[in-house]
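# with the sequence up front, the predicted model follows.
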Amino acid sequence: MQFLVLFALVSYVSAILIPLSSFSGTETLYRVNKTSRVYIISNSPQDVLQSLVLSTTTGAQNSNAYSLSVPQNDGSLTAFVPTQDNDFLSVVFNGPTKPEGSLYMDSITQNLNVFPLQENSSINFKQGTNVFFKMSSPNGQIPVAQNVVVPQSQKLSGYVGLPETPNPVQFFDSASIDTITTYNQLEIPMQVFHFTSFDANVKYEVKFAARSGITIGSSGLIMTDDFPSGLFGTNDYDLKNQNGINVDAIFVPRLTKLVAMEEHHSFHDDY
C-alpha cells in the first residue's frame, strides 16, 4: 500500500513573515530550533484562527493560532517556542474562511517582544526590542509614542519595519541631541516599526492618538518644552511652481550632533 503525503518544506531561516492566508490543508514545515520564536499577529475571529494548527514533530507540541494571537496583560504576544533543536514546525489550516494577519518567526533578536497595536492599546516600554504591528486604523489617529523619557547616558532607537531587516531606516535616535531627555509625542504613521533599548529607566507609551500640531507627511517630530530654540540655517528649494498656484512649504528642524538643518517634510496647494 502506498501513501501520498502532501507537505511543503521550508529550510531553516532566522526570520520570516508569512501571510496567514497562504496556509492550507497542505502541511507546511519549517525547520526550527530552541531559539526560534513563533508569533501569530491577527485579529480574525476565534473560530477562524482555531482552524490554523501549529505543532512540532519531535517535541510533540500543539497549539492553535487563536491562543497565540491573544495579547498578555502588558499587550505582548506569547511566542510558540520549540523545546527541541533540529525540529520541524508544522502549520496546517483546515477552515473554510482564510484568516487575516501574519505568522512571524524570529531566532536571532535578543529580548524580543511583539505587540499588536489596536485601537484601544496602551503599551508601555519593555527592555529589549519591541516590535509593533498596526492592526487597526482609528479615524483621525495614527500610532504614537507619548511621554517618552530617555535619561542621559541611556539610549532609545526607533526603526521602520522588522529588526531583522538589513540596514533598517532609523526614524528616532535619542542620542541625536545630548541635552534632550523628554519628548511629548513621537508620531509614527507606519504599519510595522520597532524600538530598541536595554536601559531600565527608559519610558514611553505606544498607542493611537491624533496628530499634535504638525502637518500631513511628518513623522517622528520631537515636541517638548526642552527642545532647542534659536536661528538655524536654511536652504532654498525649487518647488517648480507653475500657473501661479500658491504653494505653502512647511519646514521643521532636524538636529543631529553635527549639524542643524531645515528639512522639508510636506507641502500643500492653496487655491
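Looks like it came in fine.
# show me where the protein has helices.
46-49, 65-69 (DSSP state H).
# show the average pLDDT along the longest one.
To tie it back to what came earlier, the one meant is helix 65-69. For helix 65-69, the mean per-residue pLDDT is 97.
# and the contacts of stretch 42-54?
20, 23, 38, 40, 62-66, 68-69, 80, 89-95, 97-102, 116, 118, 135-136 (CB atoms under 8 Å, 6 or more residues apart in numbering). All C-beta atoms are positioned from the backbone trio N, CA, C, and that covers glycine.
# next, the buried residues of that stretch.
Ser42, Ser44, Val48, Leu49, Ser51, Leu52, Val53, Leu54 (16 or more other CB atoms under 10 Å).
# tell me how far it is from the chain's mean position?
21 Å (CA atoms, centre = their mean, to the nearest Å).
# shouldn't Ser76 be in contact with Leu112?
No - in this structure, Ser76 is not within contact of Leu112 by CB atoms under 8 Å, at 9.5 Å.
# narrow the contacts of stretch 42-54 to those that are buried.
20, 23, 38, 40, 63-66, 68-69, 80, 89-93, 95, 98-102, 116, 118, 135.
# tell me which of those fall in strands.
Val38, Ile40, Ser63, Asn64, Leu89, Ser90, Val91, Val92, Phe93, Ser102, Pro116 (DSSP state E).
# now render the buried residues of stretch 42-54 as JSON lines, adding distance to Ser107.
As requested, the buried residues of stretch 42-54 are exported to JSON lines (distance: CB to CB, whole Å):
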{"residue": "Ser42", "distance to Ser107": "21"}
{"residue": "Ser44", "distance to Ser107": "25"}
{"residue": "Val48", "distance to Ser107": "27"}
{"residue": "Leu49", "distance to Ser107": "23"}
{"residue": "Ser51", "distance to Ser107": "26"}
{"residue": "Leu52", "distance to Ser107": "21"}
{"residue": "Val53", "distance to Ser107": "21"}
{"residue": "Leu54", "distance to Ser107": "16"}
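# closest to Val148 out of the residues you listed?
Ser42 (28.6 Å; CB to CB).
# what domains does the record give for this structure?
With domains defined by automatic domain parsing, the chain comprises 7-106, 112-229.
# circling back: and the two most separated of the ones in strands among the buried ones among the contacts of stretch 42-54?
Using CB to CB for every pair in these, the one that comes out farthest apart is Ser90 and Pro116, at 23.8 Å.
# in the stretch 151-271 of the chain, where is pLDDT below threshold?
Along the stretch 151-271 of the chain, segments meeting pLDDT under 70 span 213-271.
# do that again at 80, thanks
In the prediction, the stretch 151-271 of the chain carries residues with pLDDT under 80 at positions 176-179, 212-271.
# can you give me the strands for it?
For the stretch 151-271 of the chain, applying DSSP state E, counting those that start in this stretch gives strands covering 157-160, 170-173, 182-187, 192-197, 203-209, 246-255, 260-270.
# noted, bye for now.
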